[in-house]
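Peer 1: next come a sequence and a model predicted from it.
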Amino acid sequence: MPPIAPVTGPRHRLVWGAVLSGTLLLLEVYQVYVSIGGGAPQALYAAIGGMTIAALLLLMSVLACRSQAHRSDEQQFEALVAATADYAIYLLDRGGRVTTWNAGAERLKGYATSEIVGEHYSRFFTAEDQQNGVPQKALEVAASRRGKLEIEGWRVRRDGTRFYVNASLSALRDPSGNVTGFAKITRDVTEQIQQAEALEQTRAALQQAQKMEALGQLTGGMAHDFNNILHVIKNALEILQLRLKPNAEATRYLDMAQRSADRAAGVTQRLLAFARRQPLDPKPINANRLLQGMSDMLRHAVGDGVSVETVFSSGLWTVSADSNQLETSVLNLTINARDAMSRVGKLTIETANAFLDEPYAAIHPEVTAGQYVMIAISDTGSGMSQETLAKAFDPFFTTKQTEGGTGLGLSQVFGFVKQSGGHVKMYSEPSNGTTVKIYLPRLQAAGAYLVSETVNPGEGGRGETVMVVEDHEDVRAFAVEMLTSLGYRVIAAADALSALEALQRLAHLDLLFTDVGLPNGMNGKELADEVRKLQPHASAAVLFTTGYARNAIVHHGRLDPGVDLLLKPYTQLDLARKVRSVLAKRSVDNV
């Protein structure tokens, strides 16, 4: 047989062609120049249509059984196959040993012809597939059928790296139908598989984000309404405790009711946190210092059976966050870790500067690429399955016993981090513990933050005039009752228009105490702006109250600078201290 040598690598393009029936097919046309027996280069062409692999296998099968009279055609085709680099095309004997090897096989699998011919093709399979007998089973199936056997799976290159393939295996037969060997065509589809996996991850992340947003809308609305109900219950109990004559039995029951109301209020606040409707008051924070300040509390929370290790990064960036909510998040994660370890194990708290890049943000649609401070809390506990992990942040979901928790700890963490513009990621495997990573955006430049002055006012009023504007009748009645009992002169209104009408008849106003969400077209912020335009009330202090963050004084979950806010539900003591603080600050500002 004269030697065949490819002169150039194959070139290919897509063209439209027609078969005898007139049907149009999109063909992939390959062109390669070869030298046969040292002669002048000759152009060879191969047009491959919709059945590319099937056509190649059929031709290879025919060529294997051709007579010597057609050897020149076979030589030309073999030259084309040998020069094709996009596919690994090779033949096996009946036992599965390699007999021919083309340039594409060498490029794809990393073996030179001299080192692979005569070797068994099972070496391309993973160790797991070899142990399960996959290579031999494939030969047996291919030998038992007419046509090709389609195979997909992971394969191993000469250097040990893995790649995902789409391959076909067909038996070659002599004129009597006996199997003489096999033809194998392999294509690397790793990139397509990775793209498909990335698309699926993005789809799943988007689905999860939409689910959490829907849950947030639902829980936020419910918590807002529940807040007003709790506010009335808590204040009614407080006033009863103050006004009833000492009675041991009555006091015991009132205390029980008050504790239950307090617990319900805590649940409501966690729901608002999950829904990202809890007003935040962010300040510049160094996470290392905050965590160091929590060390005693955290060690007390986990108990003597759990060792606590801290790994704090030097040069940690500053973040802007609500320190109280961040401490609550860390404490919730610590308690979850303690319970997962059954109070015996190791808790590790780490900090580091981190960069979430564009590819990561593409897979997680809610993430903005950029610089973050990472706080990681890891435990050596029981871990979670992937099914449990997918529900971990859902409100009220818990794997603890009925009395073990409300299922709102992780929901609070999720809501706080998202409301702060951050990202939270959880990693866990059964019996291998859990790691929760909180990413908070780096504060690029410290802005102007108002820091409340320390005041030590008396808790009672001094005859100042306070206007209470609240649309919820019972909440309004209790606010009036509490302020009056504290020594203030109180005027009440159910909406902004009624308040403005009342102000026209009022000689002087010291404080406007208004809910933010008001009916009839004007909210509390707009009412305050109007009051500041009226004389002689322009110098009146303003104190807002709300239980819901989606309103006029909170933007992107953060309290506007210079705004004084009292969150519902509040106690009489909370109200007394806040009112005196706001009035005292106004006196300083007016000096």
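Peer 2: Done, it's in.
Peer 1: how about the nearest residue to Val330, chain neighbours excluded?
Peer 2: Nearest residue to Val330 in three dimensions, chain neighbours excluded: Met294, at 6.4 Å (C-beta to C-beta, 6 or more residues apart in numbering). In this view, the C-beta of every residue, glycine as well, is placed from N, C-alpha and C.
Peer 1: show the backbone phi and psi for that neighbour.
Peer 2: Main-chain dihedrals, Met294, degrees, to the nearest 10: phi -90, psi 0.
Peer 1: any idea how far Asp560 is from the residue lying closest to Leu567 once chain neighbours are set aside?
Peer 2: Among residues not flanking Leu567 along the chain, Gly547 sits closest, at 6.4 Å (C-beta to C-beta, 6+ apart). Taking C-beta to C-beta, to the nearest Å as the measure, Gly547 falls 17 Å from Asp560.
Peer 1: cool, and Lys109?
Peer 2: Lys109 sits 64 Å away from Asp560, taking C-beta to C-beta as the criterion.
Peer 1: ok, now Ile185?
Peer 2: Taken as C-beta to C-beta, the span from Ile185 to Asp560 is 66 Å.
Peer 1: just Thr251 next, same as before
Peer 2: Computed with C-beta to C-beta, the distance linking Thr251 and Asp560 is 42 Å.
Peer 1: show me what contacts the residue nearest to Val330?
Peer 2: Met294 makes contact with Glu327, Val330, Leu331, according to C-beta atoms under 8 Å, 6 or more residues apart in numbering.
Peer 1: again, but for Tyr427
Peer 2: If a contact means C-beta under 8 Å, 6+ apart, then Tyr427 has Thr434, Thr435, Val436, Lys437 as its contacts.
Peer 1: tell me which of Gly547 and Asp560 has more neighbours.
Peer 2: Between Gly547 and Asp560, counted using other C-beta atoms under 10 Å, Gly547 has the larger neighbour count: 27 against 13.
Peer 1: that one against Lys568, yeah?
Peer 2: Yes: using C-beta atoms under 8 Å as the test, Gly547 is close enough to Lys568 to be in contact (3.8 Å).
Peer 1: spit out the residues that contact those two alike.
Peer 2: A shared contact of Gly547 and Lys568, defined by C-beta under 8 Å, 6+ apart, is any residue touching both; here these are Asn227, Asn228, His231.
Peer 1: who wins for most neighbours among these?
Peer 2: The residue in the shared contacts of Gly547 and Lys568 with the most neighbours, by other C-beta under 10 Å, is His231 (25 neighbours).
Peer 1: am I right that that one is in a helix?
Peer 2: Yes: using DSSP: H, G, I helix; E, B strand; the rest coil, the assignment for His231 is a helix.
Peer 1: quick one: residues contacting it.
Peer 2: Contact analysis of His231 by C-beta under 8 Å, 6+ apart lists Val475, Phe478, Gly547, Lys568, Pro569, Tyr570.
Peer 1: who wins on neighbours among those?
Peer 2: Gly547 (27 neighbours).
Peer 1: which residue is the nearest non-sequential neighbour of Pro536?
Peer 2: Spatial nearest neighbour of Pro536, excluding adjacent residues (C-beta to C-beta, 6+ apart): His508 at 6.2 Å.
Peer 1: wait, a helix at that neighbour?
Peer 2: No: the secondary structure assignment for His508 gives coil rather than a helix, going by three-state DSSP.
Peer 1: return the distance of it relative to Arg187.
Peer 2: The value you get for His508 to Arg187, if C-beta to C-beta is used, is 85 Å.
Peer 1: who's more crowded, these two?
Peer 2: Arg187 (18 against 11).
Peer 1: mind checking the SS state of that one?
Peer 2: Using three-state DSSP, the secondary structure recorded for Arg187 is strand.
Peer 1: pretty sure it sits against Val165.
Peer 2: Yes: proximity of Arg187 to Val165 meets the contact threshold set by C-beta under 8 Å, at 6.4 Å.
Peer 1: three-state assignment of Glu481?
Peer 2: Under three-state DSSP, the three-state class of Glu481 is helix.
Peer 1: need the pLDDT of the nearest residue in space to it that is not next to it in sequence.
Peer 2: On the basis of C-beta to C-beta, 6+ apart, the spatially nearest residue to Glu481 that is not a chain neighbour turns out to be Ile239, at 6.9 Å. Confidence per residue is given as pLDDT, and for Ile239 that number is 79.
Peer 1: just use 583 as the starting number from now, easier for me
Peer 2: OK, 583 is where the count begins now, so the last one is Ile821.
Peer 1: gap between Asp741 and Val1124?
Peer 2: Distance from Asp741 to Val1124, by C-beta to C-beta: 71 Å.
Peer 1: so which of those two has more stuff around it?
Peer 2: Comparing Asp741 with Val1124 by other C-beta under 10 Å, the one with more neighbours is Val1124, at 21 against 7.
Peer 1: so which helix or strand takes in that one?
Peer 2: Counting by DSSP states H and E, the element that carries Val1124 is strand 1123-1128.
Peer 1: distance check, Ser842 against Lys816.
Peer 2: Noted for Ser842: a distance of 10 Å to Lys816, by C-beta to C-beta.
Peer 1: the two: which is more packed in?
Peer 2: In this comparison of Ser842 against Lys816, neighbours counted by other C-beta under 10 Å, the higher total goes to Lys816 at 22 against 12.
Peer 1: so the more buried one touches Ala843, yeah?
Peer 2: Yes: the pair Lys816 and Ala843 qualifies as a contact (C-beta under 8 Å) at a distance of 4.7 Å.
Peer 1: flag the shaky bits of this structure, pLDDT-wise.
Peer 2: In the predicted model, the chain carries pLDDT under 70 at residues 583-667, 787-807, 828, 848-862, 977-991, 1027-1042, 1130-1141, 1169-1173.
Peer 1: mind giving me the domain split of the protein?
Peer 2: The chain breaks down by automatic domain parsing into domains covering 583-665, 667-770, 787-856, 865-1023, 1047-1171.
Peer 1: got CSV for these, with distance to Ala780 too?
Peer 2: Formatted as CSV, the domains of the chain follow (distance: least, C-beta to C-beta, whole Å):
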stretch, distance to Ala780
domain 583-665, 26
domain 667-770, 14
domain 787-856, 10
domain 865-1023, 6
domain 1047-1171, 29
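Peer 1: which stretch among the ones you listed comes nearest Ala778?
Peer 2: domain 667-770 (10.2 Å; C-beta to C-beta).
Peer 1: burial measure for the nearest residue to Gly927 once chain neighbours are set aside, as a count.
Peer 2: Spatial nearest neighbour of Gly927, chain neighbours left out: Thr962 (4.1 Å); criterion: C-beta to C-beta, 6+ apart. Applying the criterion other C-beta under 10 Å, we find 19 residues in the vicinity of Thr962.
Peer 1: against Pro1101, how distant is Thr962?
Peer 2: 54 Å.
Peer 1: same thing with His1005?
Peer 2: Counting by C-beta to C-beta - His1005 and Pro1101 are separated by 37 Å.
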